[in-house]
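Student: 3D model of this:
(2 chains)
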Amino acid sequence: MDLSAINPAVLVASLMMAAVPIILAAIGELVVEKSGVLNLGVEGMMIIGAVCGFVVAVKTGSPFVGFLGGAAGGAGLSLIFALLTQVLLANQVATGLALTLFGLGLSSLLGQGFNGIKPPATGKVPMGPLADIPGVGPVLFQHNLGVYLSIAVIAAVWWGLKYSRMGLILRAVGENHDAAHALGYKVVRIRIAAILFGGAMAGLGGAYISLVRVPQWTDGITAGAGWIALAIVVFASWRPWRVLIGAYLFGGITVLQLNLQVANVPIPVEYLSMAPYLITILVLVIMSSGRGRAAAAPAALGQNFHASR
Amino acid sequence: MQRRTLLTTAAMGLGLSMVGRAAFAQDKLKVGFIYVGPIGDGGWTFQHDQGRLALEAALGDKIETVYQESVPEGADSERVLTQMALSGCKIIFTTSFGYMDATNAVAAKFPDVMFEHATGFKRDSANVSTYNARFYEGRAVMGTIAGRMTKSNKIGYIGSFPIPEVIQGINSSFIHAKKVNPDVSISVVWAYTWFDPAKEADAAKALIEQGVDVILAHTDSTAVLAEAAKTPGVIGFGQASDMAEYKPSPRVSSIIDNWGPYYIERVQALLDGTYAQKDTWAGIGGGEVKIGEITDAVPAEVKAEAEALAASIADGSYHPFTGPLNKQDGSVWLAEGERADDGTLSGLNFYVEGIVGDIPK
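Tutor: Down below sits the predicted model:
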């Protein structure tokens, strides 16, 4: 057992990277759920984003265009969900699950011929001398764009939901769609916009996996990250900064347990492997068990809206 | 995937019945394969599928193959196997260790169907054969290169599951790295998956962060090499497949599984009526394990040393597990000059002396 080999700065830096796909997908889903729509197809949208991002990046040679492609792919798939649930009023739970299965199959088809190819490398954001500050440098100033983007998106969503008029309307639609409708807001249109945003974010998270984190394309590459994102939204009681905490906790323990294995810590590997799931759920349950727990979920979550009056 | 196989079969059935030659389909020997990952993994499953394609190329219209990708180990595989047996497969190859119990359970119900289980050791009924490759022979060669190439004297090993096949690999790598570099130490990380690129990459990252500069992987995807490529000076090896796209570095050599000849031999035997239950375990000598090109990233003398070792294993003059070797606790395993027997190896459940850490139970 040699804990001195684990460098805390490097550990924090890599947990920030490991958490990016989950943060992006979870914050997208948070906005969707705040508008009163439950889209269980996060995993499907992520993997479509992963394959689209990968294909576009390989074809154009630019990882940046690849990320745009991933976001577009995820949004495209979520458009199917929007059409089915908002226009045709299909059941949201069933449609979301179908979306995941469809996304997994479609991504496997789209990815044919792209196995084993190396994507163009995504560079770090140049921070000049800041990157060399001991301790702080590796943690804060040596990342690629995705890490900064994920934090920026959390901040933007938090501010948008809390302080902007747009956020207020979105929340109104999610809490009581009849009242919002009576006030003259276009409930269906707002929800479709939210679903597209959620799809684009999930796609971006997926593209991050296939372009930066792994980086390559193989079938089933997201390996359940979308489900974790969904769970984190619920346990974070629909609050943006708690999503960040949840995702860092999950990413952190995932990275830490591998480091502990390398350092020969005498804890059975089975416990270390299940630790990320157990601890993340435990902490988020404790965090959300206080006052206001019942009121956390948007009141109209999962209910379809039809303007009959 | 399931859907794809289903569609192919359905389309085939439709086409055949339309031209009224359904009887013809009965004449073909139907061969089934179940894979633990997707064919596109670029490693283990990819190589098995290459074997299947070689089989089709060699035996042409005498056979018909069906396969199913990403079949989970455990109860699901039993359903898939039963389905394949019911759909008329006469011989089924189950290509992962975790299918062992399912294979034997289903085989007992279908005595007329032959089952071939890769890397396992249970042959409960007469229609179950097992086949395996001596991956540890390849590991000996990789271990030698690893021991010579490491600058930090730390090599890493990403294990999938604590099963004998993986433990052989860890021991063989360590023994041969230690032989050329007495200061070397090995860190083992258990991923508990055969195929999860993100997890495999994370494991590689954790090893690199702790100073490991040579990584051996016992999982199925190319993610470990992709991760190693991010850090200059870190090298790794192709596992199961050549993984040539990561040449010349980080992939400096590879262990290639070559299943085609075995598949052709077994199916041919079944066609000829000479098929019999057996347990096959071939290595570099038998051609089931090949060593991929050693690239220029490795100095010429190390390359020559590795190639000489591979040659001596191939002709049988050297066995990777030759004494004196002690177990991890210091007790004697093999005396001077003694070679490990296959029985011990196929149930190997201990580390050799010098490896730190416990094997998860």
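
Student: now the residue in the stretch 51-200 of chain A positioned nearest to chain B, what's its secondary structure?
Tutor: Closest residue of the stretch 51-200 of chain A to chain B, CB to the nearest CB: residue A:115 (3.7 Å). C-beta here means a position set from N, CA and C on the backbone, and glycine is covered the same way. The assignment at residue A:115 comes out as coil when based on DSSP: H, G, I helix; E, B strand; the rest coil.

Student: That one against residue A:210, yeah?
Tutor: No: with contact defined as CB atoms under 8 Å, residue A:115 does not reach residue A:210; the gap is 11.6 Å.

Student: neighbour count winner among these two?
Tutor: residue A:210 (33 against 19; other CB atoms under 10 Å in any protein chain shown).

Student: so who does that one touch?
Tutor: The contact partners of residue A:210, by CB atoms under 8 Å, 6 or more residues apart in numbering or on different chains, come to A:50-51, A:53-54, A:70, A:119, A:216-217, A:221.

Student: got it, and residue B:38?
Tutor: Counting by CB under 8 Å, 6+ apart, residue B:38 makes contact with A:108, A:218-220, B:1, B:45, B:69-70, B:195.

Student: least confident pick among the residues you listed?
Tutor: Least confident of the contacts of residue B:38 in the model: residue B:1, at 46.

Student: quick one: contacts for the closest residue to residue B:36 other than its chain neighbours?
Tutor: Once flanking residues are discounted, residue B:36 sits nearest to residue B:96: 3.8 Å by CB to CB, 6 or more residues apart in numbering or on different chains. Listed by CB under 8 Å, 6+ apart, the contact set of residue B:96 reads B:35-36, B:44, B:73, B:118-119, B:194.

Student: between these, which is nearest residue B:148?
Tutor: residue B:44 (26.6 Å; CB to CB).

Student: which stretches of the stretch 201-350 of chain B have low pLDDT?
Tutor: Within the stretch 201-350 of chain B, no range satisfies pLDDT under 70.

Student: quick one, phi psi at the residue nearest to residue B:36?
Tutor: Main-chain torsions, residue B:96, degrees, to the nearest 10: phi -150, psi 150.

Student: which helices and strands sit right next to the host helix or strand of residue A:11?
Tutor: Using DSSP states H and E, residue A:11 sits in helix A:8-34. In terms of contacts (3 or more CB pairs under 8 Å, 6 or more residues apart in numbering or on different chains; DSSP states H and E), helix A:8-34 is packed against helix A:42-60, helix A:136-140, helix A:145-163, helix A:165-175, helix A:187-208, helix A:225-235, helix A:240-262, helix B:197-209.

Student: hang on, the earlier thing: could I have the buried ones of the contacts of residue A:210 as PyMOL selection syntax?
Tutor: Selection of buried members from the contacts of residue A:210 for PyMOL, criterion 16 or more other CB atoms under 10 Å in any protein chain shown:
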select buried, chain A and resi 50+51+53+54+70+119+216+217+221
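
Student: how about the contacts of residue A:210, which pair is most distant?
Tutor: Farthest pair in the contacts of residue A:210, by CB to CB: A:70 and A:216, 14.5 Å.

Student: Which residues of the stretch 201-350 of chain B lie near chain A?
Tutor: B:201-203, B:205-207, B:209-212, B:221-223, B:226-227, B:229, B:243, B:245-246 (CB under 8 Å from any CB of the partner chain).

Student: and residue B:47, how many residues sit next to it?
Tutor: Neighbour tally, residue B:47, other CB under 10 Å: 24.

Student: wait, isn't it in contact with residue B:259?
Tutor: Yes: here residue B:47 reaches residue B:259: they are 6.3 Å apart, a contact under CB under 8 Å.

Student: coming back round to it: out of the contacts of residue B:96, list just those in strands.
Tutor: Within these, residues falling in strands by DSSP state E are residue B:118.

Student: So which of the contacts of residue B:96 sit within helices?
Tutor: Mapping the contacts of residue B:96 onto helices (DSSP state H) picks out residue B:44.

Student: Closest to residue A:83 out of the contacts of residue B:96?
Tutor: For these, the nearest to residue A:83 is residue B:35 (35.2 Å; CB to CB).

Student: now stretch A:166-186: how far from the chain's centre is it?
Tutor: Between the centre of stretch A:166-186 and the centre of its chain there are 25 Å (CA atoms, centre = their mean, to the nearest Å).

Student: Ends of that stretch, what's the gap?
Tutor: End-to-end span of stretch A:166-186 (CA to CA, to the nearest Å): 12 Å.

Student: where do the strands sit along the stretch 201-350 of chain B?
Tutor: Secondary structure of the stretch 201-350 of chain B (DSSP state E, counting those that start in this stretch): strands at B:214-217, B:235-240, B:251-257, B:279-282, B:289-292, B:325-326, B:332-334.

Student: for those, which one sits closest to residue A:168?
Tutor: With CB to CB, the closest approach to residue A:168 among those belongs to strand B:214-217: 51.5 Å.

Student: now that closest one, how far from the chain's geometric center?
Tutor: For strand B:214-217, the distance to the chain centre is 16 Å (CA atoms, centre = their mean).

Student: rewinding a little: what's the closest non-adjacent residue to the residue of the stretch 51-200 of chain A closest to chain B?
Tutor: residue B:40 (3.7 Å).

Student: tell me the SS of that neighbour?
Tutor: With three-state DSSP as the basis, residue B:40 sits in helix.

Student: got a list of what it touches?
Tutor: A:108, A:111-112, A:115-116, A:217-219, B:46.

Student: Please repeat the previous calculation with a cut-off of 7 Å.
Tutor: Each residue near residue B:40 by CB atoms under 7 Å, 6 or more residues apart in numbering or on different chains is listed here: A:111, A:115, A:218-219.

Student: what residues does the stretch 201-309 of chain A put near chain B?
Tutor: A:209, A:213-216, A:218-221, A:223, A:254-255, A:258-259, A:261-264, A:268-270, A:273 (CB under 7 Å from any CB of the partner chain).

Student: at 6 Å what do you get?
Tutor: Where the stretch 201-309 of chain A comes near chain B, counting by CB under 6 Å from any CB of the partner chain, the residues are A:214-216, A:218-219, A:221, A:223, A:258-259, A:261-262, A:264, A:268-269, A:273.

Student: Other residues contacting the host helix or strand of residue B:148?
Tutor: Using DSSP H and E, residue B:148 falls within helix B:135-149. Helix B:135-149 is touched from outside by B:155, B:168-169, B:172-173, B:176-177, B:180-181, B:184, B:214, B:216, B:235, B:237, B:255, B:283-284, B:289, B:291, B:302, B:306, B:309-310, B:313, B:320, with contacts defined as CB atoms under 6 Å, 6 or more residues apart in numbering or on different chains.

Student: re the thing from before, which parts of the helix holding residue A:11 are buried?
Tutor: A:10-34.

Student: Provide the partner residues of residue B:158 in its beta bridges.
Tutor: Beta-bridge pairing for residue B:158 (DSSP bridges): residue B:189, residue B:217.

Student: That one reaches residue B:205, doesn't it?
Tutor: No: contact criterion CB atoms under 6 Å: residue B:158 and residue B:205 do not qualify, at 10.7 Å.

Student: quick one: which of the two has more around it?
Tutor: Per other CB under 10 Å, whichever of residue B:158 and residue B:205 has more neighbours is residue B:158, with 28 against 23.

Student: which residues touch that one?
Tutor: Counting by CB under 6 Å, 6+ apart, residue B:158 has contacts B:189, B:191, B:203, B:217, B:219.

Student: For chain A, what is the nearest residue in the stretch 201-350 of chain B?
Tutor: residue B:206 (3.6 Å).

Student: from the middle of its chain, how far away would the host helix or strand of residue A:100 be?
Tutor: Using DSSP H and E, residue A:100 falls within helix A:92-110. Helix A:92-110 has its C-alpha centroid displaced from the chain centroid by 17 Å (CA atoms, centre = their mean).
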